[in-house]
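Engineer: Structure for the following, please:
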Amino acid sequence: VFGTAASTAPTTITDPAWTALSARKLQKERHTLIKLSDSTKAFRMLAVWITGAPPASIGTPTAPGRVSVNEVEVFPAK
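Structural biologist: I've put the predicted structure just below:
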């Protein structure tokens, strides 16, 4: 998960305007809780960056596969 305070989303995930808010995580469960790192900065946007897909979701050049995230909730720090 990455965050940015920019008014528009940076064009690449490697842009220094993005701040990493969680460690990389291999997740196989259908539902999960990802704890974000503590930050004193406020962020306007968050990005959930998916780096790999299950083999059945990859597809082909003519029929690309699909991975989806149906819902994301962000809870305030306690």
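Engineer: From Ala63, how far off is the residue minimising distance to the centre of the chain?
Structural biologist: Centre of the chain computed as the mean C-alpha position; nearest residue by Cα atoms, centre = their mean is Val48, 1.0 Å away. Separation of Val48 from Ala63 (Cβ to Cβ, to the nearest Å) stands at 24 Å. Quick note: C-beta positions are derived from backbone N, CA and C, even for glycine.
Engineer: What is the distance between the helix or strand of the chain with the lowest mean pLDDT and the centre of its chain?
Structural biologist: Every helix and strand of the chain was ranked by mean pLDDT, DSSP states H and E. The lowest is helix 55-58, at a mean of 75. With Cα atoms, centre = their mean, to the nearest Å as the basis, helix 55-58 stands 19 Å off its chain's centre.
Engineer: same question, stretch 23-36
Structural biologist: In terms of Cα atoms, centre = their mean, the centre of stretch 23-36 is found 10 Å from the chain centre.
Engineer: Between the two ends of it, what distance do you get?
Structural biologist: 8 Å (Cα to Cα, to the nearest Å).
Engineer: ditto for stretch 41-61
Structural biologist: Rule used - Cα to Cα; the end-to-end distance of stretch 41-61 is 40 Å.
Engineer: For the residue sitting furthest away from the middle of the chain, give its distance to Pro54.
Structural biologist: Distance from the C-alpha centroid of the chain peaks at Thr62, with 26.0 Å (Cα atoms, centre = their mean). For Thr62, the distance to Pro54 equals 19 Å [Cβ to Cβ].
Engineer: what about this structure, any weak spots by pLDDT?
Structural biologist: Where the chain drops to pLDDT under 70, the residues are 27, 78.
Engineer: the strands in it, which residues?
Structural biologist: Secondary structure of the chain, counting by DSSP state E: strands at 2-4, 19-20, 45-47.
Engineer: Tell me which of these sits most buried.
Structural biologist: Highest mean neighbour count of the strands of the chain: strand 2-4, a mean of 20 (counted as mean count of other Cβ atoms under 10 Å).
Engineer: That strand pairs with which strands, parallel or anti?
Structural biologist: Strand 2-4 sits in its sheet next to strand 19-20 (antiparallel), strand 45-47 (antiparallel), going by DSSP bridges.
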